[in-house]
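Undergrad: Next input, structure requested:
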Amino acid sequence: MFSLIRNLKVVKKGLFACLLLCLACNSDEPLTGGRGFRISLTDEVSVTSRSTPVEIGKPAAKNFHLLITRLDKEATIYDGAYTSGLIEAPVGTYRLRASFGNNALLAVDSPYYEGVVDTELAGDAETPVTIPCSVANALLSVRYVNQAKFEELYSSYGVKVEVDNLYIRLSGAESKSAYFRAGSGVKVSFYATLKDGGKSVSSTLEATDFPSAIGAADHIILSLSAQPVTSGTILTVDKVEIEKATVQETIPVEWLPKPKVSGFEGGATSFTYTETADVSSVAIRYTASMPVQDVEFALDFQDEQYMALNKTYTLSMLGDEDRATLTDAGITVPTLDGTSTDGVLDLTGLTANLRTNAGAEVVNQLSLRVKANNRWSSEDGEVYTIRTIKPEFTVNVQDVNCWSKEFTVDEINVTSGNADKIKGNLVYQYSTDEGSTWQECNNVRRQAFSSIPANKNYKVRACYRGCIHSNIANATLETPLQLPNSDMESWQANKVGKTGIFGGNKDYYDFLPYKSGETDIWWATNNERSRDYSVSAVVVTTSPCVSYNENSKHGGNRSALLYTSGHGGGYASTGSLLYPAGAFAGSLFVGTYSWSGEEDIVTTGHSFAVRPQEFAFWYKYIPKNSDQFKAYIELRSGDEIIATGTFIPTAYSTADSDFKQATVLLEYITLEKKATSVYVQFLSTTKTSFSSSDFDKNKSITFPVMGSWNAHIGSMLYIDDISLNYTK
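TA: Below you'll find the predicted structure:
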C-alpha cells in the first residue's frame with residue numbers, strides 16, 4: 001500500500017507590464033483641444049499568460065478596459081476600451097484603473113489582470129503615469145511528482161477545489177488551474193479510484209495546509225507524491241513555502257496552454273468536396289503560446305491517387321524527398337524556424353484534384369498534432385476528414401431535337417461541380433436496350449443514324465470521366481410518314497349530272513383524289529369552280545380541271561392531271577366563247593374546297609406530326625405558250641409556319657416528252673417547334689391574269705368514265721409519285 005505525501009508551495013507571482021498613460025492637464029476650465037489624457041501602452045504591457053496554464057494569448061492594448069474617475073468630484077471621465085486618441089479632462093485628481101478579464105468567484109484557467117493608480121492633472125504639461133498591471137485573482141495548480149506511480153495505483157484521480165458553494169474538479173490527466181477571487185476561503189480535497197477493486201477514495205486537506213490569507217497573484221502549487229502507506233494516512237503536508245519570484249524564473253513552460261489546432265474554416269473537423277469543384281481554401285491552422293517545436297501528421301487517404309502518401313510524418317524529421325512528394329501532391333507543409341508560434345498545413349492544392357471512386361463517396365482522413373512549450377496539442381492528434389462526393393449534372397432531350405434519323409442531347413446542366421472541368425472530360429451516350437449497354441453518340445451530343453432506324457425509343461445519359469453518370473433521359477425519334485395517295489393511284493369518279501340539251505345530255509363527273517368510303521380526307525381540287533356556269537351546262541362548262549390519267553404516268557397505273565381552265569367561275573362559256581377574266585389555275589392540294597358565291601372557300605392543311613427535309617415528286621408539263629407551274633409545301637406548328645418549300649421551274653414553252661423529278665429542300669424557319677400539320681399544293685400555272693391566247697379553245701380531251709370531251713385548256717400538268725424524304 002502507498003500513501004500520498006503532498007508538498008504545498010505558494011508562489012507570489014508578479015506579472016508586471018507597463019501601462020503608460022500620458023496626462024495633459026489644464027485649469028479647471030471648460031475643455032479645450034489638447035487638454036486631458038493621451039494614453040499609450042508600452043510593449044511591456046502585453047501581459048502574457050506565462051504564469052498560468054491558460055490559453056488567452058497576449059492581451060493587446062485594445063483588449064484592456066480603462067476607467068478614469070475624478071476623485072474630487074466623484075465623476076467618471078472615461079469608461080471604455082483603450083484608445084490612442086486624446087481623452088479630454090479638466091484639472092483635478094483622478095483614479096485610473098486598467099483591467100483585463102473577468103474576476104470570477106471560481107473558474108478554470110481564467111486569469112484576471114488589474115492595475116490602479118491615483119494621479120493629479122494640473123497645468124498644461126503632459127504627465128506620464130505608469131499603471132503596474134498584475135494578476136488580481138489567485139490560482140491553484142497541482143503537480144504530481146511521480147505521476148507514473150499515480151497511474152499505477154489509480155484508474156482516475158484529481159483534486160476538487162471549492163469556494164463557497166461552487167466547486168471544480170482538476171483531473172490528473174489535465175494541466176489546468178483553478179482561479180478564484182483573492183481573499184476567498186478555499187477547500188481542497190484529493191479523490192481517486194483504485195485500480196485494484198475499483199474502490200473510490202478521497203481525503204480533504206486540512207485548512208492549516210494553506211495560508212490564512214490568499215491574496216491577489218498568489219499561486220498555490222500543490223505537489224503530491226505517492227509513497228508507502230504509514231498508519232493508514234492518505235495525505236500529509238510537508239511544508240508551506242511562499243516565494244517571491246518573477247514569472248520567467250519560476251513558471252515551467254509546460255504550464256503554458258497547449259497548442260491549439262483550429263482545424264478547417266470555422267473550426268470544422270470535416271470538409272465535403274465535390275469532385276471538380278473550385279476550392280477556395282482547405283487548410284488546418286494552429287497557434288501556440290511559444291515557438292512551435294514540432295508538428296506530426298498522419299495521412300489515411302482512400303483516394304487511389306494519393307494512397308501512396310499514407311503514413312505518419314514528423315516535421316522535425318521530414319526529409320527533402322518526402323517534402324517534395326507532398327508538395328507535388330498539392331500539400332503545402334510548414335517549416336520549423338524556432339520562432340513561429342503559428343502555422344498552416346494547406347491541402348487546397350490536393351483537394352482540388354480529389355476524386356470519387358467511380359461516383360461513390362471517398363473518405364480521406366488525416367490526424368494532426370502540434371508541440372510547443374513541451375506540450376502536444378493532443379495525445380493522438382485530432383482527426384480531420386475530407387469527403388469527396390460526385391458532381392451532379394443532368395441531361396435532357398427535347399422533343400424538338402428528335403428527328404427521324406437523329407436526336408441531339410441538350411448540353412448538361414451542372415448543379416454541383418465545375419462545369420468546364422466536367423465538360424472537358426465528358427461523353428454523351430445512348431442505349432438501344434433500356435440501359436443494358438451504352439455507346440457514345442457519334443457527333444458529340446448528336447446521334448445521327450445512317451438510315452432510318454426501326455427502333456424509335458432510346459435512353460440517353462452523359463458520362464464524366466468514364467464512370468460518373470448523369471440521370472437517364474428519353475429520346476423518341478419521329479416516325480416518317482408519307483402523304484396518303486402519294487402515288488396518285490386512288491381516285492373516285494362521282495357523277496354530278498347531265499349536260500343540257502345543247503351539251504348532248506351527257507353524264508359528267510367529278511374526280512376525287514381518294515378512295516370511296518374514306519373519312520380521313522387529305523386531298524382536294526377546285527373542280528367545282530371549273531363547272532360553274534351562268535347559262536347552260538354545256539360540255540365545256542362541265543369539264544373538270546383536275547382528274548386522273550391512265551395514259552401518261554410515271555409509275556403505277558395513274559397520275560394526276562391538272563390544267564389551266566378557261567371556263568367556269570360563273571361565266572357563260574360555250575364551245576366558241578371564252579372569258580379570260582374567269583380563267584384560273586387547276587389546283588390539287590391538301591385541305592378542303594368549295595365554290596360559293598363566285599368565291600373559293602378553302603381550308604389548307606391536314607394534321608401531321610413529322611418533319612421531313614425534302615419534298616419530291618415526278619411531273620410532266622405541257623405549257624401553253626411560255627409558262628411555269630408551282631409546287632408548294634408548308635409545315636405548321638399550330639398557326640405558325642415552321643418550314644416551307646417551293647418549286648417553280650423557269651418558264652418554258654416546249655412540252656415535256658417524259659416525266660421529270662423535282663426535289664424541294666424544306667427551309668425551316670424555326671427548329672424549336674414540332675409540326676402539327678402539313679399543306680401541299682400543285683398549281684398548273686403561276687399566272688393570275690390571262691388572255692385568250694393562253695388557251696386552246698374547245699380542245700378535245702379524254703376523261704376517265706366521261707370519255708371524249710371538250711374544254712378551254714391552257715397549260716397541262718401531270719403529277720405522280722410524291723414523296724417526303726427524311727434525311728435528318
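
Undergrad: Could you list the buried residues of stretch 638-647?
TA: 642-645, 647 (16 or more other C-beta atoms under 10 Å). Glycine gets a C-beta too; all of them are placed from N, C-alpha and C.

Undergrad: And the average pLDDT for that stretch is what?
TA: In this model, stretch 638-647 carries a mean pLDDT of 99.

Undergrad: Contacts for it next, please.
TA: Contacts to stretch 638-647, defined as C-beta atoms under 8 Å, 6 or more residues apart in numbering, come from residues 611, 614-615, 630-636, 662, 664-670, 673, 675-676.

Undergrad: buried ones in the lengthiest helix in the chain?
TA: For the chain, the longest helix by residue count, based on DSSP state H, is helix 320-329. By neighbour count with 16+ other C-beta under 10 Å, helix 320-329 contains the buried residues 323, 326, 329.

Undergrad: ok, then the element right after it?
TA: strand 342-346 (DSSP states H and E).

Undergrad: In strands only, show me the buried residues of stretch 638-647.
TA: 642-645, 647 (DSSP state E).

Undergrad: right, and out of those, which lies closest to L562?
TA: Lowest distance from L562 to those (C-beta to C-beta) belongs to F647, with 14.4 Å.

Undergrad: Please name the residues that touch the nearest residue to that closest one once chain neighbours are set aside.
TA: Of all residues not flanking F647 in the chain, A631 sits nearest, at 4.3 Å (C-beta to C-beta, 6 or more residues apart in numbering). By C-beta under 8 Å, 6+ apart, the contact set of A631 is 615, 617, 619, 646-648, 662, 664, 680-683.

Undergrad: A631: what secondary structure?
TA: strand (DSSP: H, G, I helix; E, B strand; the rest coil).

Undergrad: Against G586, how distant is it?
TA: 13 Å (C-beta to C-beta, to the nearest Å).

Undergrad: Common neighbours of these two, please.
TA: Joint contacts of A631 and G586 (C-beta under 8 Å, 6+ apart) are L683.

Undergrad: L588 against I719, yeah?
TA: Yes. Using C-beta atoms under 8 Å, L588 makes contact with I719 at a distance of 6.6 Å.

Undergrad: what is F407 paired to in the beta sheet?
TA: C402, Q447 (DSSP bridges).

Undergrad: Who does the nearest residue to G185 once chain neighbours are set aside form a beta bridge with?
TA: Spatial nearest neighbour of G185, chain neighbours left out: V163 (6.9 Å); criterion: C-beta to C-beta, 6+ apart. Here V163 sits in beta bridges with L166, going by DSSP bridges.

Undergrad: Go ahead and confirm V163 touches V188.
TA: No. The criterion here is C-beta under 8 Å, and V163 misses it with V188 at 10.2 Å.

Undergrad: Between those two, tell me which one has more neighbours.
TA: V188 (24 against 20; other C-beta atoms under 10 Å).

Undergrad: Secondary structure class of that one, three-state.
TA: strand.

Undergrad: Distance-wise, check it relative to I214.
TA: 12 Å.

Undergrad: With Y458 instead?
TA: Counting by C-beta to C-beta, the gap from Y458 to I214 is 86 Å.

Undergrad: Let me know the pLDDT of the residue of the chain positioned farthest from its centre.
TA: What lies farthest from the middle of the chain is I501; by C-alpha atoms, centre = their mean that is 86.5 Å. As predicted, I501 sits at a pLDDT of 79.
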